[in-house]
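S.K.: Kindly return the folded structure for what I paste below:
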Amino acid sequence: MSKPRSLALPPRTRVYRLTTARGSFAVLDTAPAGPRRGTALLLPGYTGSKEDFLALLGPLGEAGYRAVAVDGRGQHETPGPRGRAAYRRKALALDAVAQAAALGDGPVHLLGHSFGGLVARAAAGLAPDAFVSLTLLSSGPGRVARSQRVRVRALRGALALLPKERVWLATRWLDSRGEEPGATDPPEIVRFLRRRWMTTRIAQLSGAGRLLLGDPDGTAALLALPLPLHIAYGDEETVWPVPDLAATALRTGAHHTVVVGAGHSPNVSHPVELAAELTAFWERAADVVSTGSAGAARSRRAGHGAVRRGRAGNG
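M.R.: Predicted coordinates for the structure are as follows:
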C-alpha cells in the first residue's frame, strides 16, 4: 500500500468522475503547465487509490504532461459490483482501455504501480494501439515475495471472517510494527487511510489479492508487446524480489530505472526524481512510436536509466 504524505492537490488538478464506455471512474486529472507533450494514465496498487500519485502529478504536469490517476472499479471513490467476476484480470484491463479512450487524447502512456502493473500489462496486451508505452512501477511479471504472499493470504482470510473495521485495526497495528515502528501518521492521513479502506469493496480487495497470489510469469507476454517498455522500482523494494525485477528488465531489454533510497512507492518518496526518468522515457518512447517501426518498438526500447542518490542519470 502506498501512503500519501499530503492530500494537497497539485496546481491545475481537477477531481471528477471520468465517464467511459464501461462506467464512470473517480480521477485526479492534472493539466500540463505549458504545451502538452503527452498524456499518462496512472493505475494504483493493492489497497491503494488515485491519491497514491498526488506527489507525482505536480512534477509530471510541470514537465508538460497531462497526468490522470484513477480509482479502479471498487477502489475508494469508484463504485464497484459485489460479484467476484467483476474483478477478474480481463474486466479490469478492459476498464483501463476504456479510461484511456475516454481521455480523448489518442494513445496514452500507461503506468501501473504494484497491483496496477498487473492490470496495465493485461490492458496493453488487449489493446496495444491504445497506448504509447507501458511502465511497470514496483511491479513484476512474476510472483510477489513470499512474505507478501503470506500477508495477502492473511488479509483475504481476515476479510472473509471478520468485520471490515476489525481488519482495518489489525492492519494498522501490523503497519506500526513494520518498517517504521516509531512513525506516526498525521491525523488527516489516518482519516484518509481509514476512509479509503472502508469505501473500497471487499470484493475488490479479495479479487485483487487473488490475482496477486495467482499471477503467472508474464515475461513472455512482455516480450511480445509492440510497445516501448519501462521497468522502474526502488533499490529497497520489498513486494517483488529486486533480483527478479532486474532480471526481467535485462531479459526484455526494457528501459530500466532504479530509484536509490526508495522502497515500494517511489511515487511517494521520490516523485521529482521518478518524474524526470518517466518523462525522459516517454519522450524517447514517443519518438520510437512516431517512426512507425514495429521492430524498433520491440527492440525497446529507448535505453537504460537509473536514479542514484536522489539524482537522475544514465547507467
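
S.K.: Please list the outside residues in contact with stretch 72-85.
M.R.: Outside stretch 72-85, the residues within contact range by C-beta atoms under 8 Å, 6 or more residues apart in numbering are 23-26, 43-44, 48-51, 70-71, 86-87, 91-92, 95-96, 116, 119, 196, 199-204, 206-207. Bear in mind the C-beta positions are built from the backbone N, C-alpha and C, glycine included.

S.K.: next one: stretch 194-211
M.R.: With C-beta under 8 Å, 6+ apart, stretch 194-211 has contacts from 46-47, 49, 51, 72-77, 80-84, 86-89, 115, 118, 152-153, 155-156, 159-160, 164-165, 168, 171.

S.K.: Next, count neighbours for residue 55.
M.R.: 24 (other C-beta atoms under 10 Å).

S.K.: same thing with residue 205?
M.R.: 22.

S.K.: tell me which element it falls in.
M.R.: Following DSSP states H and E, one finds residue 205 within helix 202-214.

S.K.: can you check residue 24 too?
M.R.: Using DSSP H and E, residue 24 falls in strand 23-30.

S.K.: now do residue 112
M.R.: Going by DSSP H and E, residue 112 is in strand 108-113.

S.K.: What strands line up against that strand, and which way round?
M.R.: Here strand 108-113 is paired, per DSSP bridges, with strand 38-43 (parallel), strand 131-137 (parallel).

S.K.: and for the shortest one, what are the contacting residues?
M.R.: Right, strand 38-43. In contact with strand 38-43 (C-beta under 8 Å, 6+ apart) are residues 50, 53, 56, 60, 64-70, 72, 96, 99-100, 103, 105-106, 108-113, 116-117, 119-120, 132, 278, 282, 286.

S.K.: So which of those belong to helices?
M.R.: Within the contacts of strand 38-43, residues falling in helices by DSSP state H are 56, 60, 96, 99, 100, 116, 117, 119, 120, 278, 282, 286.

S.K.: Next up, the contacts around the fourth one.
M.R.: Right, the one you point to is residue 99. Taking C-beta under 8 Å, 6+ apart as the test, what residue 99 contacts is 18, 20, 25, 41, 68, 70.

S.K.: mind running it again at 7 Å?
M.R.: The neighbourhood of residue 99, defined by C-beta atoms under 7 Å, 6 or more residues apart in numbering, consists of 18, 20, 25, 41, 70.

S.K.: repeat for the last one
M.R.: Residues in contact with residue 286, defined by C-beta under 7 Å, 6+ apart, are 38, 132.

S.K.: picking up where we left off before, please produce a PyMOL select command covering the buried subset of the contacts of strand 38-43.
M.R.: Buried residues within the contacts of strand 38-43, by 16 or more other C-beta atoms under 10 Å, are selected in PyMOL with:
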select buried, resi 50+53+56+60+64+65+66+67+68+69+70+72+96+99+100+103+108+109+110+111+112+113+116+117+119+120+132+278+282+286
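
S.K.: Turn the strands paired with strand 108-113 into a markdown table, including distance to residue 247 and mean pLDDT.
M.R.: Listed next are the strands paired with strand 108-113 as a markdown table, based on distance: least, C-beta to C-beta, whole Å; pLDDT from 0 to 100:
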| stretch | distance to residue 247 | mean pLDDT |
| --- | --- | --- |
| strand 38-43 | 24 | 98 |
| strand 131-137 | 13 | 98 |
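
S.K.: Can you say which of these is nearest to residue 256?
M.R.: strand 131-137 (10.7 Å; C-beta to C-beta).

S.K.: Please identify the buried residues of that closest one?
M.R.: Across strand 131-137, burial judged by 16+ other C-beta under 10 Å covers 131, 132, 133, 134, 135, 136, 137.

S.K.: picking that back up, just the buried residues of the contacts of stretch 194-211.
M.R.: Buried members of the contacts of stretch 194-211, scored by 16+ other C-beta under 10 Å, are 46-47, 49, 51, 72-77, 80, 86-87, 89, 115, 118, 152, 155-156, 159, 171.
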